[in-house]
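In: Structural data only, the sequence is not supplied:
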């Protein structure tokens, strides 16, 4: 498919001195400078709905097959764009996603690209309806193109919302969360999930955690897949509460079974960005959030939930820095956390602070290093990046919007300036694959995790030579099988760079014959795609 080069000005990614030596500058290189610029100006998003790189918990970029990608507005439609690393320009692939002015959240799981789109409002105003949609694309590595899968888009909900976030649990089920007004007039946190396939969604429900699910029209929620669970974090500014709360749902449990809300932070504003480790054994969840405090008080905090469910907080920036809309990137290659935000609050420059994951420490009084800056129109805001972990194999791309010129901007950091190029090494083949008949209609498949220097992001389970499911854990239940039927399973792994391993050694199991009843129908298996 031909590409269409976006009109843009290339900017010199000049390095501006950091306010604090506690946060050394990292090299961000480019060519054809305008003095004082840091990063790259991209295409126009004029006539889009506000700043398309918002909202705070949503991710607009992903890394696959050695390249960075995004969904950008081209003046008529939102298309899939590819970043040309040779000159840091965005190329329109011509694959359209939406012709509505929307905001979106993207997820690349190693096999499919998911784009959740929604019409945007600054708050969850009652009575405003429009379909929130899920688009699913398959990627052809031979042609480097995406194609929309049959049966999509699917409808997630029917509301105009401030945010809409998706993630996929360990069984392959997609989850979504948002805030909207209920029939009783109260604003609440809502969730739903896919059922028999990625295109079929359950009816939305209020997060079943009692009155703590009741929030204000300005509050937001986000969802994250973790070790055998999904977690939802939400802000609540009801009265003097102003907390960040978190509740978890075990993969496969009933929709109504969620943990009692955990108080992640006792003082919170409606800014949330969640990330988790790809190593399931680590079990940590990271959240960068904002408070509504002023003066010398904490404004941006990094929250860490350990595998046992205990939360700790670390002040990233005091209110004196003016930081707003913080996001988080996990550099698993170097074991670092990168917190990126705008200052001042009304829009200006994108700043960054970096700290080791295992020894978190920030200088709260420092504004940090300049990471992205348009010297001729200092109005950048709404930074966004990927859900995926990053490393020297991927580099780090962060995108923002210039609210004055209505142009996209991005910055690229190779993370190790003298390191290797894009990772082209496939992960090791999963081992220890077993298939066990759990009932006359179900076979359970398990395997031993595969790891490489980037980290495995998912596994594809094939039944009788055909891909049946993509999961992030190391087990999968194949359901709806015919009694007395024999099936052979293999598993392959994909890493953060999109490299896929060879298939594992096969494992075969046979379901018991039916006794006194029907044999059941042939299904696609729980969590299948």
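Out: Yes, it's here. These numbers were taken from a predicted model, which means no experiment stands behind them.
In: which residues touch residue 436?
Out: Residues near residue 436 by CB atoms under 8 Å, 6 or more residues apart in numbering: 443-446, 509. C-beta here means a position set from N, CA and C on the backbone, and glycine is covered the same way.
In: Tell me which of those residues fall in strands.
Out: Using DSSP state E, 443-446, 509 are the members of those that sit in strands.
In: could I get those as CSV with neighbour count and distance to residue 271?
Out: Formatted as CSV, the ones in strands among the contacts of residue 436 follow (neighbours: other CB atoms under 10 Å; distance: CB to CB, whole Å):
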residue, neighbour count, distance to residue 271
443, 25, 44
444, 16, 41
445, 26, 40
446, 17, 39
509, 20, 48
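In: quick one: average confidence on the host helix or strand of residue 137?
Out: If you go by DSSP states H and E, residue 137 is part of strand 129-140. Strand 129-140 shows a mean pLDDT of 95.
In: ok, now stretch 82-90?
Out: When pLDDT is averaged over stretch 82-90, the result is 93.
In: Would you mark the buried spots in that stretch?
Out: Buried residues in stretch 82-90, counted by 16 or more other CB atoms under 10 Å: 82-83, 85, 88-90.
In: do stretch 337-346 as well
Out: In stretch 337-346, counting by 16+ other CB under 10 Å, buried: 337-343.
In: Same question for stretch 351-359.
Out: 351-355, 357.
In: so where do the helices sit in the stretch 1-150 of the chain?
Out: With DSSP state H, counting those that start in this stretch, there are no helices along the stretch 1-150 of the chain.
In: Run through it and note the low-pLDDT ranges.
Out: Counting by pLDDT under 70, the stretch 1-150 of the chain has low-confidence residues at 1-35, 123-128.
In: repeat for the chain
Out: For the chain, the ranges with pLDDT under 70 are 1-35, 123-128, 240-241, 280, 417-424, 451-455, 496-497, 516-529.
In: end to end, how far does stretch 370-380 reach?
Out: Stretch 370-380 has its terminal residues 12 Å apart, counting by CA to CA, to the nearest Å.
In: Over to stretch 267-277?
Out: Stretch 267-277 has an end-to-end distance of 25 Å (CA to CA).
In: Show me how far it is from its chain's centre.
Out: Offset of stretch 267-277 from its chain centre (CA atoms, centre = their mean, to the nearest Å): 12 Å.
In: Next, count neighbours for residue 326.
Out: Other residues near residue 326 come to 26 when the count uses other CB atoms under 10 Å.
In: Also the one 5 residues further on?
Out: A count of neighbours around residue 331, defined by other CB under 10 Å, yields 21.
In: Could you report the separation of it from residue 275?
Out: To residue 275, residue 331 is 11 Å away according to CB to CB, to the nearest Å.
In: Over to residue 36?
Out: 31 Å.
In: quick revisit: and which of the buried residues of stretch 351-359 is nearest to residue 306?
Out: Of all those, residue 306 sits closest to residue 357, with 12.1 Å by CB to CB.
In: Now that closest one. Nearest residue, chain neighbours left out?
Out: residue 335 (5.0 Å; CB to CB, 6 or more residues apart in numbering).
In: That neighbour: what's it in contact with?
Out: Residue 335 neighbours (CB under 8 Å, 6+ apart): 356-358.
In: Of the residues you listed, which belong to strands?
Out: residue 356.
In: I'd like the contacts of residue 335 laid out as TSV, including distance to residue 324.
Out: Shown next, in TSV, are the contacts of residue 335 (distance: CB to CB, whole Å):
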residue	distance to residue 324
356	25
357	24
358	28
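In: Quick check: of the contacts of residue 335, which lies closest to residue 182?
Out: Of the contacts of residue 335, the one sitting nearest to residue 182 (CB to CB) turns out to be residue 357, at 38.8 Å.
In: Could you measure from that closest one over to residue 330?
Out: As judged by CB to CB, residue 357 and residue 330 stand 8 Å apart.
In: can you list residues touching both of those two?
Out: Here residue 357 and residue 330 have residue 337 as joint contacts, going by CB under 8 Å, 6+ apart.
In: on that earlier part again, would you mind listing the buried residues in the strand holding residue 137?
Out: Neighbour count says strand 129-140 has 130-137, 139 buried, by 16+ other CB under 10 Å.
In: ok, now stretch 60-75?
Out: 60-74.
In: How far off centre is it?
Out: Chain-centre distance of stretch 60-75: 13 Å, with CA atoms, centre = their mean.
In: now stretch 216-230
Out: Centroid separation for stretch 216-230 versus its chain: 11 Å, with CA atoms, centre = their mean.
In: Straight-line length of it, end to end?
Out: This stretch, stretch 216-230, spans 23 Å end to end (CA to CA).
In: out of the buried residues of stretch 337-346, who's nearest residue 476?
Out: For the buried residues of stretch 337-346, the nearest to residue 476 is residue 337 (31.1 Å; CB to CB).
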